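*Asks:* Attaching a predicted model along with its sequence, questions to come.
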Amino acid sequence: MVVPEISRRGVRSAALVCVLAVLSAIAPAALHADAPPQGNGRVAKRDEAAEQAPATRPKSVPLPGATPAPAKAPAATSPAAPIAAPCPGPNNLLRGASLSAAGVTGLQLRSHDGVLAMEGTFWSAPDAVVLTSPESYLLLDLGSVFELRALLVQADNNDPYLLEASVDGTTYQPVWTFPTTEIGQGLRTRSVVLTKPAMARFVRLQGRSGDKFYSVSELQAFCQVPKLFPPALILPPTKYLWDDIDNDGMVKVKAGLAIFASCLLLLACFRRLSQARIRSVFARILILGVFVLATAITAGLGYSSLRSAGPPALLHFAKTAGTTPGWFFDAGVLGLCALALFLLMLRAGGPRIFDTALSVVGVV
């Protein structure tokens, strides 16, 4: 039997295909013979390699043109509390201190020379340094940080003064506000012992509110309270009788009486009223009552000032608007006017307006 040629070629092709199939099946197995095992074995080896490898963080490479992140600043530490210098004893720390001032007139050395002016000295006298505005100030450098325990100022009586302290010359903290005083006018001394010491190298003093006419004749600070504090004040000599009469209060009373009498005299100048009489009993009682009431009020103010008694508002007015002798003197003047008017009012037809005016003017 003859095999066709095409069948022989088919057999060769089939044999070749089988050989290629066998080789393709053997080759992958040989290639993967050294590969790591699948499943848990692979994970275990990976974990073991991770444990043996050092833990390093890959460095980030900045992109071209990118702005590098700023380095972190070290954490800020709180500044150490200032340490106070040893206290030199009960001495005035401001005497001899370096002074700088703004908006002041006068001899600046007088403000901290350790010498008090006489109480009641005129506010702008040569003994004082005048602060021309609320922004004016006196600034003293102690040279070192001290604990302030007592303060004293002699300044104009009717203005409060703020004292501030600083340890670095930049940040100031209020320490004390010296209040106004109604003891009398002019330069008056105020002092305080601080309940809590204040740390200070720089001390600044400024006027606050008031009438804005500020002046300072002495400023003192102590790190140890002196045995005698406040110090003995320099008081003016004692005045008696006429010299002790408050001129301002007396002028006000006399001015009021003079105005009243002048009005009566002007009325009396008219021909029709030159002989006119105050015939109305009510008018006579009213005029006399005004003077009697004024006499009683001024006498009461004098008594309140003498005994330091009465309502606080009344006592404050009696102390600030006049003196004890001045109030009693005014009461005496008003009492004499009331007596003269009483005698005129007894006339049958009533006193003439002209006579009433003359009696008031004559007494004043």
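*Replies:* Looks like it came in fine.

*Asks:* Would you mind confirming that residue 310 makes contact with residue 318?
*Replies:* Yes. With contact defined as C-beta atoms under 8 Å, residue 310 reaches residue 318; the gap is 7.4 Å. Just so you know, the C-beta spots here come from the backbone N, C-alpha and C atoms, and that holds for glycine as well.

*Asks:* okay, and the common contacts of the two?
*Replies:* residue 304 (C-beta atoms under 8 Å, 6 or more residues apart in numbering).

*Asks:* mind listing the helices for this protein?
*Replies:* 5-31, 40-52, 247-269, 281-307, 312-321, 324-345, 353-363 (DSSP state H).

*Asks:* among the ones you listed, where is the model least confident on average?
*Replies:* Mean pLDDT per stretch puts helix 40-52 lowest among those, at a mean of 46.

*Asks:* picking up where we left off before, tell me which of residue 310 and residue 318 has more neighbours.
*Replies:* residue 318 (25 against 16; other C-beta atoms under 10 Å).

*Asks:* Could I get the contacting residues of the more buried one?
*Replies:* 301-302, 304-305, 310, 327.

*Asks:* Find the nearest non-adjacent residue to it, please.
*Replies:* Setting aside the residues directly before and after it, residue 318 is nearest to residue 305 in space (C-beta to C-beta, 6 or more residues apart in numbering), at 4.1 Å.

*Asks:* who are the neighbours in contact with that neighbour?
*Replies:* Here residue 305 is in contact with 315, 318-319, 322-324, 327 (C-beta under 8 Å, 6+ apart).

*Asks:* Any quick PyMOL command for the buried ones out of these?
*Replies:* Burial among those is assessed by 16 or more other C-beta atoms under 10 Å; the matching PyMOL selection reads:
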select buried, resi 315+318+319+322+323+324+327
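
*Asks:* Which single one of the contacts of residue 305 is nearest to residue 168?
*Replies:* residue 319 (43.4 Å; C-beta to C-beta).

*Asks:* Now stretch 307-320: buried residues?
*Replies:* 310, 315, 317-319.

*Asks:* tell me the two of those residues that are most distant?
*Replies:* Pairwise over the buried residues of stretch 307-320, using C-beta to C-beta, the maximum falls at 310 and 319, 10.6 Å.

*Asks:* per-residue pLDDT, residue 240?
*Replies:* Residue 240 is given a pLDDT of 58.

*Asks:* Actually, residue 187.
*Replies:* pLDDT, residue 187: 94.

*Asks:* Hmm, it is touching residue 124, no?
*Replies:* No. Look at residue 187 against residue 124 with C-beta under 8 Å: they stay out of range, at 9.7 Å.

*Asks:* which residues are in contact with both of these two?
*Replies:* Contacts common to residue 187 and residue 124, judged by C-beta under 8 Å, 6+ apart, are residue 215.

*Asks:* Comparing those two, which residue is more hemmed in?
*Replies:* The neighbour count for residue 187 versus residue 124, taken as other C-beta under 10 Å, is higher for residue 187 (26 against 16).

*Asks:* how far away is the more buried one from residue 331?
*Replies:* 31 Å (C-beta to C-beta, to the nearest Å).

*Asks:* Would you mind listing the outside residues contacting stretch 81-93?
*Replies:* Applying C-beta under 8 Å, 6+ apart, the set of residues contacting stretch 81-93 is 112, 114, 142, 144-148, 167, 199, 220-227.

*Asks:* Any of these buried? List them.
*Replies:* By 16+ other C-beta under 10 Å, these give 112, 142, 145-148, 167, 199, 220-224 as buried.

*Asks:* Any buried residues in stretch 286-303, and which?
*Replies:* 287-288, 291-292, 294-295, 298-299, 301-303.

*Asks:* mind putting those in a markdown table, distance to residue 255 included?
*Replies:* A markdown table is the format used below for those (distance: C-beta to C-beta, whole Å):
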| residue | distance to residue 255 |
| --- | --- |
| 287 | 19 |
| 288 | 21 |
| 291 | 15 |
| 292 | 20 |
| 294 | 13 |
| 295 | 17 |
| 298 | 14 |
| 299 | 19 |
| 301 | 17 |
| 302 | 19 |
| 303 | 24 |
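
*Asks:* Quick check: of these, which lies closest to residue 174?
*Replies:* residue 301 (37.6 Å).

*Asks:* for the closest one, what are its contacts?
*Replies:* So residue 301 contacts 314, 317-318, 321-322, 327 (C-beta under 8 Å, 6+ apart).

*Asks:* same check, this time on residue 285
*Replies:* Taking C-beta under 8 Å, 6+ apart as the test, what residue 285 contacts is residue 345.

*Asks:* do the same with residue 136
*Replies:* Residue 136 neighbours (C-beta under 8 Å, 6+ apart): 101-104, 206-207, 214.

*Asks:* what's the closest of those to residue 94?
*Replies:* For the contacts of residue 136, the nearest to residue 94 is residue 101 (13.2 Å; C-beta to C-beta).

*Asks:* bridging residues for the residue nearest to that closest one when sequence neighbours are not counted?
*Replies:* Sequence neighbours aside, residue 138 is the residue nearest to residue 101 in space, at 5.1 Å (criterion: C-beta to C-beta, 6+ apart). Per DSSP bridges, the residues bridged to residue 138 are residue 101, residue 205.

*Asks:* could you list every residue that touches the closest residue to residue 229 other than its chain neighbours?
*Replies:* If you skip the residues right next to it in sequence, residue 229 has residue 150 as its closest partner in space, 5.9 Å away by C-beta to C-beta, 6+ apart. Residues counted as contacts of residue 150 (C-beta under 8 Å, 6+ apart) are 191-194, 221-222, 225-226, 229.

*Asks:* what do you get if the cut-off is 10 Å, keeping everything else the same?
*Replies:* 90, 92, 191-194, 197, 220-226, 229-230 (C-beta atoms under 10 Å, 6 or more residues apart in numbering).
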